[in-house]
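J.: Build me a model:
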Amino acid sequence: MSLRRHIIIGVSAGVLLLLVYAGVITLAQGWQHMLEQTARLWYWIMALAGGFGIQAGLSGGSYRSPS
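T.: You can find the predicted model right below:
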């Protein structure tokens with residue numbers, strides 16, 4: 001698998017995690033609360049999304065179906 005595909009998988013996973021976070025917080029507490037929490041905890045959220053993206057990029061596509 002090419003390096004480009006791993007990068008795409010990693011970035012996509014990180015962005016997807018951020019979208020899920022924003023969606024859950026918005027549905028549970030409202031748009032304003034999500035903005036306040038994100039502004040207050042942005043460094044933790046970015047570290048979490050970045051680490052998740054790196055993990056997904058490193059392992060993405062490494063599983064092959066048995067043939």
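J.: what helix or strand is the spatially closest residue to residue 25 that is not a sequence neighbour on?
T.: Ranked by C-beta to C-beta, 6 or more residues apart in numbering and with sequence neighbours excluded, the top spatial neighbour of residue 25 is residue 34, at 4.1 Å. Using the backbone N, CA and C atoms, a C-beta is placed for each residue, glycine as well. For residue 34, the enclosing helix or strand under DSSP states H and E is helix 31-59.
J.: for that helix, the distance to its chain's centre please.
T.: 7 Å (C-alpha atoms, centre = their mean, to the nearest Å).
J.: Stretch 10-17 too?
T.: 4 Å.
J.: List the contacts of the residue nearest to residue 25.
T.: Listed by C-beta atoms under 8 Å, 6 or more residues apart in numbering, the contact partners of residue 34 are 22, 25, 26.
J.: Please determine how far it is located from residue 26.
T.: Separation of residue 34 from residue 26 (C-beta to C-beta, to the nearest Å): 5 Å.
J.: what's the answer for residue 19, then?
T.: To residue 26, residue 19 is 10 Å away according to C-beta to C-beta.
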